[in-house]
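Asker: missing the sequence, but the structure's below:
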């Protein structure tokens, strides 16, 4: 139970979730400045992803984007591996809840989802997280630098990236060269793919040399970020 007082108005609210909703219940390993799973799902949807195309994140960290994309494609309920606070309420109907949970049926997919990172530790984290989420059959993680990144075999899809912004991790100035190198690789290797970049800085998105449209600002870890997305390259 929580109470919020605003002048002479008192609002009582009951927490029905317990742990924050972005905690799916299987992601134990995280990298620095991780993208929350709920935000990753939001940005995938905003980028037009529906589960019918491959997804690649070349700076995958702990694998959030490829794993979320695989779960969407496979029809996996995001809260399947956790409990919720409302299950402890006196009015909780366990039979109705079990009926609702069982109504969400997984589906098959022939899509694959890719993550790469220059940090071998990040690849190990992503692999463990994908195993825990039950999507390892459809995910592939490799230790690869941006300059060595290659397009996967098969149809074009979506490249989605949450690169460092320089606001919380490191110095911003070297990031312009990183984004320029990223843009060069994408234009060379990923013809036909769409690109989506999450960043606080329009100037970093511009540094890629790609043409983007910008979405609305979204709060993320005390910062305001936007999704910059392109059409097919």
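Answerer: Structure received. Every value quoted in this text rests on a predicted model; they were computed, and no experiment measured them.
Asker: Which residues belonging to the longest helix seen in the chain are considered buried?
Answerer: The helix that spans the most residues within the chain, counting by DSSP state H, is helix 173-189. By 16 or more other Cβ atoms under 10 Å, the buried positions in helix 173-189 come out as 175-176, 178-179, 181-183, 185-186. Glycine gets a C-beta too; all of them are placed from N, C-alpha and C.
Asker: Now do the same contact list for the residue nearest to the spatial centre of the chain.
Answerer: In the chain, the centroid-proximal residue (Cα atoms, centre = their mean) is residue 40; its distance is 2.8 Å. By Cβ atoms under 8 Å, 6 or more residues apart in numbering, residue 40 lies in contact with 64-65, 68, 162.
Asker: Could you pull up phi and psi at the residue of the chain most remote from its centre?
Answerer: In the chain, the residue that sits farthest from the middle, by Cα atoms, centre = their mean, is residue 8; the gap is 40.8 Å. Per-residue torsions, residue 8: phi -100, psi 20 (degrees, to the nearest 10).
Asker: that older thread, now do the helix or strand following the longest helix of the chain, average pLDDT.
Answerer: Toward the C-terminus, helix 173-189 is succeeded by strand 194-199 as the next helix or strand (DSSP states H and E). Across strand 194-199, the average pLDDT comes to 97.
Asker: Contacts for strand 194-199 next, please.
Answerer: By Cβ under 8 Å, 6+ apart, the list of residues contacting strand 194-199 from outside reads 35, 43, 46-48, 156-163, 165, 186, 204-205, 208, 210, 212, 220, 225-233.
Asker: Could you rerun that using 6 Å?
Answerer: Here strand 194-199 makes contact (Cβ atoms under 6 Å, 6 or more residues apart in numbering) with 43, 47, 158-162, 165, 186, 205, 210, 225, 227-230, 232.
Asker: how close does the residue lying closest to residue 120 once chain neighbours are set aside get to residue 122?
Answerer: Counting by Cβ to Cβ, 6 or more residues apart in numbering, residue 120 lies nearest to residue 143, which is 4.8 Å off, once chain neighbours are set aside. Distance, residue 143 to residue 122, by Cβ to Cβ, to the nearest Å: 8 Å.
Asker: Comparing the two, which shows the higher neighbour count?
Answerer: More crowded of residue 143 and residue 122, by other Cβ atoms under 10 Å: residue 122, with 23 against 14.
Asker: For that one, identify the helix or strand it belongs to.
Answerer: Element membership for residue 122 (DSSP H and E) is helix 120-133.
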